[in-house]
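Colleague: One predicted model, sequence on top.
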Amino acid sequence: MKSFGLWSIALLMAILSACVRRPLEDMEDMIRLKVIMKVNGINNVTTNIYNEKIPVPDVSTGMVRALFYTPEGDRLINQSFISETGVTENGDAYVTGYIKALPGEYKLLCYNFDTETTKITEEGRFEGITAYAPEVSDYLNARFEGSRGQYDKIHYEPDHLMVAREENLRISPHTSVTTIVTEAASVIDTYYLQIYVEGGQYASSASAILTGLSASNKIGPNHRESESPTAVYFDLVRSDDKGKEVLCTTFNCFGKIEEAASNLNVTFDVLTKDGQKLQKTFNLDKVFQTEDARERHWLLMNDTLHIPKPITPPSGGGGGFKPGVI
């Protein structure tokens with residue numbers, strides 16, 4: 001009994017000791033980072049929605065990567081991830097968490113780390129870190145061969161990337177929790193595109209590419225690449241505009257190259273129910289010059305795409321796509 005009692009006391013002391021909360025890090029080495037997501041002004045996502053019958057891109061996030069660079073920005077010296085979410089009094093979503101960061105001067109870059117198609121490369125330098133979207137599959141590339149322009153590659157749509165920058169961040173010595181608050185905005189543009197259509201009931205699928213767009217963004221200085229225009233691939237849905245049938249979509253991109261002219265072409269690719277392929281290209285230079293395009297990112301075409309009636313009746317009684325669904 002005596003030996004059992006001593007063992008019980010030892011066990012109890014071990015349990016109580018384990019329950020004592022101890023700081024994992026010294027407070028002078030820790031900060032609390034709060035990244036507020038400013039999404040209210042994104043055309044065709046949270047404002048200026050032309051067609052409310054079709055889905056809008058998602059801009060929610062649950063994880064942020066924080067990168068600390070030397071004051072000159074030429075070297076990455078620390079990084080961390082935060083994932084605690086909440087909503088401010090103004091209704092803005094935010095992501096927050098504790099990060100180990102010694103007192104000093106930094107360039108800080110934060111972005112959401114849960115994108116599916118937007119990729120990041122060249123993280124080692126503030127001026128070099130770049131966001132891009134992968135090129136499409138060989139099948140899709142071959143499908144649009146001859147329609148994308150001599151120099152355009154074809155990329156998938158990027159996801160919205162929310163980026164915050166603090167280029168002159170100073171963390172002073174402290175003995176209690178220091179909170180750094182920064183705001184993130186998207187480096188992605190969302191456009192709405194539509195074309196009138198006749199015979200939409202004969203289509204089984206529809207997609208398109210748009211040329212003359214930026215291929216990437218150096219998210220440190222927020223500089224869109226303009227040397228090598230790219231094409232972006234996206235799917236289309238069947239809907240209507242004031243009762244008139246349209247093929248339409250909202251699509252993401254890194255933006256229009258400002259100098260691009262006579263290369264802003266959209267190529268529609270439609271597969272009919274009996275296996276026919278319809279592909280037609282339209283120039284969008286004048287459309288991009290309209291107020292709707294400049295101010296609201298609405299690409300409203302006055303053209304009509306004519307889809308032919310199937311030569312042979314489709315088997316199985318289906319295969320078409322319904323309004324709003326491919």
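Modeller: Yep, it's here.

Colleague: what about Glu227, distance to Ser214?
Modeller: 10 Å (C-beta to C-beta, to the nearest Å). The way it works is simple: take the backbone N, C-alpha and C, and place the C-beta from them, glycine included.

Colleague: Between these two, tell me which one has more neighbours.
Modeller: Ser214 (23 against 7; other C-beta atoms under 10 Å).

Colleague: residues contacting the more buried one?
Modeller: 224-226, 229-230, 253-257 (C-beta atoms under 8 Å, 6 or more residues apart in numbering).

Colleague: just the buried members of the residues you listed?
Modeller: In terms of neighbour count (16 or more other C-beta atoms under 10 Å), the buried residues within the contacts of Ser214 are 224-225, 229-230, 253-257.

Colleague: For those residues, give me JSON lines that also has secondary structure.
Modeller: Shown next, in JSON lines, are the buried ones among the contacts of Ser214 (DSSP: H, G, I helix; E, B strand; the rest coil):
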{"residue": "Arg224", "secondary structure": "strand"}
{"residue": "Glu225", "secondary structure": "coil"}
{"residue": "Pro229", "secondary structure": "coil"}
{"residue": "Thr230", "secondary structure": "strand"}
{"residue": "Cys253", "secondary structure": "strand"}
{"residue": "Phe254", "secondary structure": "coil"}
{"residue": "Gly255", "secondary structure": "coil"}
{"residue": "Lys256", "secondary structure": "strand"}
{"residue": "Ile257", "secondary structure": "coil"}
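
Colleague: Just give me the closest of the residues you listed to Ile54.
Modeller: Cys253 (17.2 Å; C-beta to C-beta).

Colleague: Does the closest one touch Ile188 like I think?
Modeller: Yes - under the criterion of C-beta atoms under 8 Å, Cys253 makes contact with Ile188 at 7.1 Å.

Colleague: which neighbours do the two share?
Modeller: Common neighbours of Cys253 and Ile188 (C-beta under 8 Å, 6+ apart) are Pro158.

Colleague: re the thing from before, nearest to Gly86, out of the buried ones among the contacts of Ser214: which one, please.
Modeller: Once C-beta to C-beta is applied, the member of these that ends up nearest Gly86 is Phe254, at 29.4 Å.

Colleague: Next one: the residue nearest to the closest one when sequence neighbours are not counted relative to Tyr233, how far apart?
Modeller: Excluding the flanking residues, the one nearest Phe254 by C-beta to C-beta, 6 or more residues apart in numbering is Ser214, at 4.0 Å. According to C-beta to C-beta, Ser214 stands 15 Å off from Tyr233.

Colleague: ok, now Asp159?
Modeller: 14 Å.

Colleague: Ok, Phe268 next?
Modeller: Applying C-beta to C-beta to Phe268 and Tyr233 gives a distance of 12 Å.

Colleague: cool, and Gly275?
Modeller: 21 Å.

Colleague: Looking at the two, which one has more neighbours?
Modeller: Tyr233 (24 against 12).

Colleague: low pLDDT regions in the chain?
Modeller: 1-28, 148-151, 259-262, 313-326 (pLDDT under 70).

Colleague: for Thr121, which residues make a bridge with it?
Modeller: Thr130 (DSSP bridges).

Colleague: show me what contacts it?
Modeller: So Thr121 contacts 129-130, 132 (C-beta under 8 Å, 6+ apart).

Colleague: Pick the one among those closest to Thr118.
Modeller: Using C-beta to C-beta, Tyr132 comes nearest to Thr118 of the contacts of Thr121, at 7.5 Å.

Colleague: and the closest residue to the closest one other than its chain neighbours, how many neighbours?
Modeller: Closest residue to Tyr132 apart from its sequence neighbours, by C-beta to C-beta, 6+ apart: Ser216 at 4.0 Å. By other C-beta under 10 Å, 22 other residues sit near Ser216.
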